[in-house]
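Peer 1: following is a predicted model, sequence given first.
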Amino acid sequence: MGIKAALPRYELYLYTAVLGVALIWAGSWISDASSENINRKAFKESVKPGWHYFGRKMDVADFEWMMWFSTFRNHILFALMGHVIFAKIFSILAPKVRTRL
């Protein structure tokens, strides 16, 4: 496949630091958005105390979950068969690019 060389340590440390800062920054945005909307009246009926280690309230509204589940429940077998058939066709047509375990 080619020559594989390890990255220098300073480059790995730089990538790790950038990733860590990005994750902390994204987490702070999520925390700010959560704190700003904690007292909205629209959410008061559908939240209950929970997640005691975070000090946040837990959403117990399952409208979206039930909507997606009831909509696609009758089609899940068809979708799974489509995935299996698609994978089988490609494994027959292109056996060289199939992943080897």
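Peer 2: It's in. Numbering: from 1, shown residues only.

Peer 1: quick one: low-confidence ranges for the chain?
Peer 2: For the chain, the stretches with pLDDT under 70 are 1-3, 5, 38-66, 98-101.

Peer 1: please enumerate the strands of it.
Peer 2: Ranges of strands within the chain are 47-49, 57-59, based on DSSP state E.

Peer 1: what's the neighbour count on the closest residue to residue 72 other than its chain neighbours?
Peer 2: Nearest residue to residue 72 in three dimensions, chain neighbours excluded: residue 79, at 7.5 Å (C-beta to C-beta, 6 or more residues apart in numbering). In this view, the C-beta of every residue, glycine as well, is placed from N, C-alpha and C. Residues near residue 79, counting by other C-beta atoms under 10 Å, number 10.

Peer 1: before we move on, what about the one 4 residues further on?
Peer 2: Neighbour count for residue 83, taken as other C-beta under 10 Å: 9.

Peer 1: got the contact list for it?
Peer 2: Counting by C-beta atoms under 8 Å, 6 or more residues apart in numbering, residue 83 touches no other residue.

Peer 1: next, count neighbours for residue 18.
Peer 2: Using other C-beta under 10 Å, residue 18 has 10 neighbouring residues.

Peer 1: for it, give its distance to residue 87.
Peer 2: 36 Å (C-beta to C-beta, to the nearest Å).

Peer 1: do the same with residue 15
Peer 2: 33 Å.

Peer 1: repeat for residue 16
Peer 2: Distance, residue 16 to residue 87, using C-beta to C-beta: 35 Å.

Peer 1: residue 12 too?
Peer 2: Counting by C-beta to C-beta - residue 12 and residue 87 are separated by 35 Å.

Peer 1: okay, now the domains of the protein?
Peer 2: Taking automatic domain parsing as the domain assignment, the ranges for the chain are 7-37, 62-101.

Peer 1: ok, residue 7 - how many residues close by?
Peer 2: 10.

Peer 1: scratch that, residue 29 is what I was asking about
Peer 2: Per other C-beta under 10 Å, the neighbour tally for residue 29 reads 9.

Peer 1: begin at 36, not 1, for the rest of this chat.
Peer 2: Happy to do that; since the first residue is 36 now, the last one works out to residue 64.

Peer 1: pull the longest helix from this protein.
Peer 2: Identified as the longest helix of the chain according to DSSP state H is helix 44-71.
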